[in-house]
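1. 3D, please:
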Amino acid sequence: MHSALRSAVRTAVDPLADRLAAHAVAALVDEAELSPKPGLVDSRGSGAHSDLTLALMRRSAATLGPTFLAMALEAQYRAPGIGLREALGAIGRDGEAAMMHVTQGVNTHRGAIWALGLLVAAAAMRPGDWRPDAVAARAAALARLPDRGIPPERRKGDDVCKAYGIRGARGEAQDGFPHVLTLGLPTLLASRRRGCNETAARLNALLAMMTRLVDTCVLSRGGLPALESMRQGACRVLNAGGVDTLPGRRALMQLDQKMLELRASPGGAADLLAATLLLDRLVSDSSD
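-> Numbers count the residues shown, from 1 in each chain. Purely as a prediction, here's the structure:
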């Protein structure tokens, strides 16, 4: 393809990439603002963190807009391949550097860049098919490909994953985001159908994923006891009827207090909630 024609095609599809980037940023902001989340930053405060605030999370999300835009542009109408995987990896690392500059070294959204970046790219690959399972499957195909550009220190793997013999965020993506597809999205939709307001529906979706997820953020802060406390506490909220019921809200406050006592923040679940909200936005966008 001649360069002039390539430029014309790229210009023609820019609005699509803009939409995808905007959806990703909005999903991150929606996740950050959702309250009350157990142990996580929200409108009430910093949760189990000493270095994060809601304002910082908002700034970080806005900073990542150009990263998601670049990923969408790179992936448009392409099939999974090592070249695309490595290009997306390079864009993601540049985006992480920009994020860390804005946050002065605080890791606000490293995991979200990986998860949402893959989903944005997967959506751009097939703009006519934004079904959650199809987007997640294309993201998984990308995640399973090698990236020779990963720095050597990252190739050694995350210390928590190695210590506990788990696959973490990488495995979640390579498996096609099973916690999102089988827990997060179904709970979000079921909560809406039974009349929950949007805040309650999103909190229920978060809690549903927390009941099963091996959250590396919780493991790194509090080990297996903290992970079990997270899972059991989330189960108690949902078994009590969810956060839209009085018993459920009481159980949620107890879980929040426990996470604060343990200084354990379920950041992995938060990233997957953002992924859930992104896929939900894509469904709404494609049906408009």
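2. R78 contacts M125, doesn't it?
-> Yes - contact between R78 and M125 holds when scored by Cβ atoms under 8 Å: they sit 5.8 Å apart. C-betas here are computed from N, CA, C, even on glycine.
3. And those two? Which one has more around it.
-> The neighbour comparison of R78 against M125 (other Cβ atoms under 10 Å) goes to M125, with 22 against 15.
4. For that one, give its distance to E74.
-> Relative to E74, M125 is positioned 10 Å away (Cβ to Cβ, to the nearest Å).
5. same deal with R231?
-> When Cβ to Cβ is the yardstick, R231 and E74 sit 37 Å from each other.
6. just E172 next, same as before
-> Going from E172 to E74 by Cβ to Cβ gives 22 Å.
7. Render the CA-only coordinates of stretch 273-283 in PDB, please.
-> C-alpha atoms of stretch 273-283 as PDB (Å, rounded to 0.1, in the frame of the first residue of the first chain):
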ATOM      1  CA  LEU A 273     -13.300  -4.600  37.100                       C
ATOM      2  CA  ALA A 274     -11.900  -1.900  34.800                       C
ATOM      3  CA  ALA A 275     -11.700  -4.600  32.100                       C
ATOM      4  CA  THR A 276     -15.300  -5.700  32.900                       C
ATOM      5  CA  LEU A 277     -16.500  -2.100  32.500                       C
ATOM      6  CA  LEU A 278     -14.500  -1.700  29.300                       C
ATOM      7  CA  LEU A 279     -16.100  -4.700  27.700                       C
ATOM      8  CA  ASP A 280     -19.500  -3.600  28.900                       C
ATOM      9  CA  ARG A 281     -18.900  -0.200  27.300                       C
ATOM     10  CA  LEU A 282     -18.000  -1.900  24.000                       C
ATOM     11  CA  VAL A 283     -21.300  -3.800  24.000                       C
END
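8. Can we start the residue count at 775 from this point?
-> Understood, numbering begins at 775; the last thing we discussed is stretch 1047-1057.
9. buried stuff in that stretch?
-> Buried positions in stretch 1047-1057, judged by neighbour count with 16 or more other Cβ atoms under 10 Å: L1047, A1048, A1049, T1050, L1051, L1052, L1053, D1054, R1055, L1056.
10. Could you check how sure the model is about that stretch, as an average pLDDT?
-> The pLDDT scores in stretch 1047-1057 average 98.
11. who has more neighbours, E946 and E848?
-> The residue with more neighbours, out of E946 and E848, is E946; 25 against 18, by other Cβ under 10 Å.
12. Now that one: closest residue in space, sequence neighbours ignored.
-> Among residues not flanking E946 along the chain, H953 sits closest, at 6.5 Å (Cβ to Cβ, 6 or more residues apart in numbering).
13. what's the pLDDT at the residue nearest to L794 when sequence neighbours are not counted?
-> Of all residues not flanking L794 in the chain, A846 sits nearest, at 4.4 Å (Cβ to Cβ, 6+ apart). The score at A846 is 97. That number is its pLDDT.
14. A846 reaches A796, doesn't it?
-> No - the pair A846 and A796 fails to qualify as a contact (Cβ under 8 Å) at a distance of 10.2 Å.
15. out of the two, which sits in the busier spot?
-> When A846 and A796 are compared for neighbours, A846 comes out ahead with 27 against 15, by other Cβ under 10 Å.
16. any idea which helix or strand carries the more buried one?
-> A846 is part of helix 839-849, with elements assigned from DSSP states H and E.
17. Show me how far that helix is from its chain's centre.
-> In terms of Cα atoms, centre = their mean, to the nearest Å, the centre of helix 839-849 is set 16 Å apart from its chain centre.
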